[in-house]
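>>> Could you work out the structure for the sequence below:
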Amino acid sequence: MTNPTQSNESPADARARMTTAEATVATLIAHGIETIYALPGVHNDPLFDALFGAADRIRTIHTRHEQGAAYMALGAALATAKPQAYAVVPGPGLLNSAAALLTAYGMNAPVLALIGQISQSAIGRGLGHLHEIRDQRGIIERLVDFCARIRQPGDAAGLVAQAVLAMRTGRPGPAVLECAMDVWGRGAPIAVAAPLPVPQPTMDEEAIRDAARRLAAAKCPLIVAGGGAQDASAEVTELSRLLQAPVRAYRRGRGVLDSRDSLSVTLPLGRELWGEADVVLAVGTRLFYGFTQWGIDPELAIIRVDADPEEPERFAPPAAALIGDAGPILRRLIDSLSSHHRPSRRAEMQGRQAEMRGRLNKLAPQIGFLDAIRAELPEDGIFVDEVTQIGFAARLLLPVYKPRTFLSPGYQDNLGWGFATALGAQHARRDVPVLSISGDGGFLFTSNELATAVRHRIPLTVVVFNDGAFGNVRRIQEEHYGNRMIANDLANPDFVRYGQSFGVEAERAGNPQELRAALKRAFKRRDGPTLIEVPLGPMPSPWEFIHMPRVRGIR
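Numbers count the residues shown, from 1 in each chain. Reported below is the predicted structural model:
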């Protein structure tokens with residue numbers, strides 16, 4: 001592959017003869033993308049040849065299934081906040097990766113998918129070519145905000161630049177570029193496109209002043225932090241201190257405020273505080289629970305901080321809408337409130353936290369395992385949850401100390417996302433331990449990627465909590481359908497021997513103490529994966545602490 005940056009000209013001006021694939025790869029590199037997660041196939045052969053030619057500048061991590069490639073890119077994006085890329089063939093390859101794309105959209109994750117296509121002249125004709133799918137682009141457009149087809153070599157660099165810009169502008173999210181198999185290999189003189197500047201929305205100074213006045217006058221302010229607050233942790237922390245405002249976080253917002261801060265609360269205590277609040281500052285969150293379950297009324301003023309201008313009025317018009325990146329907006333609010341001082345609520349909040357923890361002790365079996373995990377996972381280690389009983393409890397109870405160290409699947413909450421996503425997070429963040437928890441049901445969605453972990457020496461630790469069932473389905477059938485059991489029992493392998501068959505270090509832990517010892521050993525291994533199986537029975541239900549009744553008037 002010719003490297004255009006060897007010229008004395010800037011990359012944007014230098015032209016060299018490249019294929020479409022080479023131009024795409026060179027532009028990915030120019031945009032800071034260091035890895036592509038991929039599963040090869042005939043539609044993308046020239047792309048993989050271009051990746052071979054650039055192997056000293058961009059790594060190719062090949063997986064055993066398209067969903068593994070896409071979830072790995074998602075995990076890397078969530079762990080780093082940087083755009084990540086994956087490549088798969090069209091038709092079944094695209095569809096196999098679609099759940100991860102859908103999740104990336106729901107989680108506002110900057111994932112770029114490079115999707116192959118049949119020959120350009122045959123697209124849309126329904127001739128029955130290998131992997132042909134009717135209206136592939138139409139399907140993709142329902143999953144992402146930005147989608148385009150590379151139709152000729154000269155389009156490649158500019159479209160990559162536009163796709164990366166789209167993923168970083170306004171509400172972040174995934175993008176897709178598709179390219180026909182006979183276009184990837186075509187050549188032309190091409191200039192590699194430099195990153196495009198990200199437009200910054202003009203701050204609405206009057207809206208900021210109004211928001212600052214409301215917060216200063218609030219008697220019971222509450223901050224709600226979502227995934228859009230992850231990169232504004234310092235500002236949220238300072239605002240919380242100035243206002244003595246509790247910060248409620250759940251799933252995507254965990255870690256924005258250190259759990260050791262007495263003002264850091266999760267869902268159950270957050271609901272109580274929602275009922276008392278007169279002003280809520282919502283930072284990068286849909287406020288789904290507040291609007292759909294807990295209720296609003298005229299006595300509650302909501303201030304929205306959102307990157308997407310369409311978001312603030314989706315449920316109901318807010319008292320103030322601040323559009324743009326959370327960090328700069330919150331910094332302006334801090335400047336306006338810098339002389340504002342309130343009496344400490346530490347003693348009050350410690351008491352309320354203790355009372356709530358007493359109620360949550362109903363989940364003692366889950367707490368025992370979570371305490372073992374927290375004791376061994378470093379403060380900056382990354383925890384990836386799953387749709388499993390330990391995962392549900394972790395969203396309420398696991399202390400989280402830093403941003404981007406608690407990865408949770410957002411509103412898709414899709415079973416089986418966790419292991420491959422954690423694998424991508426660990427690959428992108430080899431400097432810290434990453435822990436994936438799975439149930440026996442979810443783990444087998446992508447457990448074949450143990451082969452990828454071994455092949456690429458990715459030091460992920462996965463804990464498989466094995467209760468022999470789709471446990472949540474079983475509980476629902478017990479409690480709400482008269483114990484009429486159907487389709488919830490599972491036939492499982494011996495997970496320790498299963499892991500060992502891949503060459504994975506694997507062991508079994510029978511209780512929290514044994515799990516802690518196993519984790520201590522696992523986190524010391526940095527040259528490959530570890531699997532720990534934890535057999536267990538049914539666990540106490542967490543749902544009374546998640547789906548809670550209304551505390552405010554009818555909206």
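
>>> so what's the residue nearest in space to the middle of the chain up against?
Of all residues in the chain, the one closest to the mean position by Cα atoms, centre = their mean is residue 78, 4.5 Å from it. Neighbouring residues of residue 78 by Cβ atoms under 8 Å, 6 or more residues apart in numbering: 107, 109, 404, 407, 421, 425. Quick note: C-beta positions are derived from backbone N, CA and C, even for glycine.

>>> What helix or strand is it located in?
Under the criterion of DSSP states H and E, residue 78 resides in helix 66-80.

>>> Kindly report the same for residue 60.
Under the criterion DSSP H and E, the helix or strand holding residue 60 is strand 59-62.

>>> I figured residue 374 hits residue 401, correct?
No: contact criterion Cβ atoms under 8 Å: residue 374 and residue 401 do not qualify, at 9.3 Å.

>>> now the strands for the stretch 351-500 of the chain?
Ranges of strands in the stretch 351-500 of the chain, per DSSP state E, counting those that start in this stretch, are 382-384, 406-407, 434-439, 461-466.

>>> Quick check: which of these is nearest to residue 50?
Proximity to residue 50 (Cβ to Cβ) singles out strand 434-439 among the strands of the stretch 351-500 of the chain, at 29.8 Å.

>>> before we move on, the earlier item: could you export the strands of the stretch 351-500 of the chain as JSON lines, including mean pLDDT and mean neighbour count?
Below are these laid out as JSON lines (pLDDT from 0 to 100; neighbours: other Cβ atoms under 10 Å):
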{"stretch": "strand 382-384", "mean pLDDT": "98", "mean neighbour count": "27"}
{"stretch": "strand 406-407", "mean pLDDT": "98", "mean neighbour count": "27"}
{"stretch": "strand 434-439", "mean pLDDT": "98", "mean neighbour count": "28"}
{"stretch": "strand 461-466", "mean pLDDT": "98", "mean neighbour count": "26"}
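
>>> Same list (these) but as TSV, adding distance to residue 280.
Output for those, formatted as TSV (distance: least, Cβ to Cβ, whole Å):
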stretch	distance to residue 280
strand 382-384	27
strand 406-407	22
strand 434-439	31
strand 461-466	35
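
>>> which one of these lies closest to residue 212?
Among these, strand 406-407 sits nearest to residue 212 (Cβ to Cβ), with 30.0 Å.

>>> so what secondary structure elements neighbour that closest one?
Contact here means 3 or more Cβ pairs under 8 Å, 6 or more residues apart in numbering; DSSP states H and E; on that basis strand 406-407 packs against helix 66-80, strand 382-384, helix 418-428.

>>> what lines up beside it in the sheet?
Here strand 406-407 is paired, per DSSP bridges, with strand 382-384 (parallel).

>>> what comes into contact with the strand it pairs with?
75, 79, 373, 377, 394, 398, 400, 404-407, 418, 421-422, 425-426, 429, 432-437.

>>> What subset of those is buried?
Among those, those classed as buried by 16 or more other Cβ atoms under 10 Å are 75, 79, 373, 377, 394, 398, 400, 404-407, 418, 421-422, 425-426, 429, 432-437.

>>> shaky segments in this protein?
Across the chain, the ranges flagged by pLDDT under 70 are 1-14, 554-555.

>>> just to revisit the earlier point, same list (the helices and strands packed on strand 406-407) but as JSON lines, adding distance to residue 169.
Converted to JSON lines, those look like this (distance: least, Cβ to Cβ, whole Å):
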{"stretch": "helix 66-80", "distance to residue 169": "16"}
{"stretch": "strand 382-384", "distance to residue 169": "26"}
{"stretch": "helix 418-428", "distance to residue 169": "22"}
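
>>> Let me know the helix or strand that residue 160 is in.
Assigned by DSSP H and E, residue 160 falls in helix 156-168.

>>> Which is the succeeding secondary structure element to that helix?
Counting by DSSP H and E, what follows helix 156-168 is strand 175-180.

>>> gap between the nearest residue to residue 471 once chain neighbours are set aside and residue 395?
Of all residues not flanking residue 471 in the chain, residue 389 sits nearest, at 5.5 Å (Cβ to Cβ, 6 or more residues apart in numbering). Using Cβ to Cβ, to the nearest Å, residue 389 is found at 11 Å from residue 395.

>>> got it, and residue 78?
Separation of residue 78 from residue 395 (Cβ to Cβ) stands at 15 Å.

>>> State the number of residues packed around residue 340.
As a burial measure, residue 340 scores 13 neighbours (other Cβ atoms under 10 Å).

>>> From residue 244, how far out is it?
10 Å.

>>> Could you do residue 281 as well?
As judged by Cβ to Cβ, residue 281 and residue 244 stand 13 Å apart.

>>> Residues that sit against both of those two, list them.
Residues touching both residue 281 and residue 244 (Cβ under 8 Å, 6+ apart) are residue 221.

>>> Look at the two and report which has more neighbours.
residue 281 (29 against 19).

>>> what sits up against the one helix or strand the more buried one maps to?
In this assignment (DSSP H and E), residue 281 forms part of strand 279-283. Strand 279-283 has contacts (Cβ under 8 Å, 6+ apart) with 211, 214-215, 217-218, 220-226, 228-229, 232, 236, 239, 245, 256, 274, 287, 290, 300-305, 318-319, 326, 330.

>>> now do stretch 508-520
Residues outside stretch 508-520 that contact it (Cβ under 8 Å, 6+ apart) are 368-369, 371-373, 375-377, 435, 461, 463, 495-496, 507, 532-535.

>>> Narrow those to just the buried residues.
Neighbour-count burial (16+ other Cβ under 10 Å) is assigned, among the contacts of stretch 508-520, to 369, 372-373, 376-377, 435, 461, 463, 495-496, 507, 532-534.

>>> now the residues you listed in a markdown table, with distance to residue 96?
Shown next, in a markdown table, are those (distance: Cβ to Cβ, whole Å):
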| residue | distance to residue 96 |
| --- | --- |
| 369 | 32 |
| 372 | 35 |
| 373 | 31 |
| 376 | 34 |
| 377 | 31 |
| 435 | 26 |
| 461 | 26 |
| 463 | 26 |
| 495 | 24 |
| 496 | 28 |
| 507 | 32 |
| 532 | 28 |
| 533 | 27 |
| 534 | 29 |
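
>>> Kindly state the beta-bridge partners for residue 18.
With DSSP bridges as the rule, residue 18 is bridged to residue 188.

>>> Could you report the separation of it from residue 342?
Distance of residue 18 to residue 342, given as Cβ to Cβ: 60 Å.
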